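Asker: Build me a model:
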Amino acid sequence: MLDTVILLTGPVDETVLAEVLQRHNPALAIRSVKTLAELEAIDGDTLARARLVAFVTPVIVPARILDRIGHGGYNFHPGPPHYPGWVPSHLAVYERATQYGATAHRMTARVDAGPIVDVGLFAVPPGTSVLDLERMAFKALARLFWQQAKPLATQATPLAELPVAWSGRKSTRRMYEALCEIPADITKDDLDRRIAAFGEGHFGTFPTVTLHGHRFRLVDVDSRAAVESPALAPAEPRSMAAV
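Answerer: Purely as a prediction, here's the structure:
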């Protein structure tokens, strides 16, 4: 019997998502959690009667939890099936993707690998920034949630799956950091693409280059953003910059 949905998401989205689910099933209990520790604290009986819905969360749910959830877990991934993994918008901008989107899928022990239940795709205009692409993906993701809210809230059986497979490189933090390491012989086109994708210093990681034992980091040179007016400057005081 499905009587509970566990929402794994942030504080901004949880209220709206809960309201949408309860419109379709007023008797549904909603448990909101933000961390793996909060999820692990839910008792086994509740998990057995529940469905897990993850929406734009960095939390990776292990198999030991997924196996105890009676009605499965579903993740709303802010990227299309051909961009699985961590912060895929940055990789998409780096690769100058012409198509992007959002994916809803059944959760498995492997991240972004479970059966896909819904996809929303859109064209990417040339020159789209990471933040703009993420806004577009979030809108597509919200539409997917609205489309899947009724079966998520009322259907005890698994959601219908699409004949769509995951593909492409799965982005990781390590890949992100590697692309921020700029080789000294990089082409102008590749440098431009890396600045567009990583030049804002998200997650505290900036594009850097090492020359003759000194590391240099991309910084602003005036009031414009670094992605608009890039320059390489020492990442630290000179005495600290030597590798």
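Asker: Counting neighbours, what do you get for residue 4?
Answerer: 20 (other CB atoms under 10 Å). To be clear about C-beta, it is placed using only N, CA and C from the backbone, and glycine gets the same treatment.
Asker: for residue 74, same thing?
Answerer: A count of nearby residues for residue 74, using other CB under 10 Å, gives 25.
Asker: can you list contacts of stretch 46-53?
Answerer: By CB atoms under 8 Å, 6 or more residues apart in numbering, the surrounding residues in contact with stretch 46-53 are 1-9, 17, 21, 31, 39, 42, 61, 65-66, 68-74, 76, 107, 152.
Asker: for the chain, what's the longest helix?
Answerer: As assigned by DSSP state H, the longest helix anywhere in the chain is helix 130-154.
Asker: after that one comes which helix or strand?
Answerer: Following helix 130-154 in sequence order, the next helix or strand is helix 173-179 (DSSP states H and E).
Asker: per-residue confidence at residue 201?
Answerer: Residue 201 is assigned a predicted lDDT (pLDDT) of 83.
Asker: mind listing what's buried in the longest helix of the chain?
Answerer: 130, 133-134, 136-137, 140-142, 144-145, 148-149, 151-153 (16 or more other CB atoms under 10 Å).
Asker: Stretch 167-187 too?
Answerer: For stretch 167-187, the neighbour count (16+ other CB under 10 Å) marks 168, 170-171, 175-176, 179-180, 182 as buried.
Asker: now, which of those residues sits nearest residue 25?
Answerer: Using CB to CB, residue 170 comes nearest to residue 25 of the buried residues of stretch 167-187, at 34.1 Å.
Asker: Identify those among the contacts of stretch 46-53 that sit within strands.
Answerer: 4-8, 31, 73-74, 76 (DSSP state E).
Asker: circling back to that earlier point, where does the longest helix of the chain sit relative to the chain's centre, distance-wise?
Answerer: Taking the mean of its C-alpha atoms, helix 130-154 sits 12 Å from the chain's own mean (CA atoms, centre = their mean, to the nearest Å).
Asker: Determine the set of other helices and strands touching it.
Answerer: When contacts are defined as 3 or more CB pairs under 8 Å, 6 or more residues apart in numbering; DSSP states H and E, helix 130-154 packs onto helix 11-24, strand 50-55, strand 73-77, helix 88-94, strand 99-106, strand 116-123.
Asker: lowest average confidence, helix or strand, in this protein?
Answerer: Using mean pLDDT, DSSP states H and E, helix 238-241 stands out as the lowest-scoring helix or strand of the chain, at a mean of 28.
Asker: In contact with residue 35, which residues?
Answerer: Shown in contact with residue 35 (CB under 8 Å, 6+ apart): residue 59.
Asker: ok, it to residue 157 distance?
Answerer: Per CB to CB, to the nearest Å, residue 35 is found 29 Å from residue 157.
Asker: do residue 218 as well
Answerer: Relative to residue 157, and taking CB to CB, residue 218 is found at 51 Å.
Asker: how does this protein divide into domains?
Answerer: 4-154, 173-241 (automatic domain parsing).
Asker: Quick check: which of those domains is buried the most?
Answerer: Of all the domains of the chain, domain 4-154 carries the top mean neighbour count, a mean of 18, counting by mean count of other CB atoms under 10 Å.
Asker: Thank you, goodbye.
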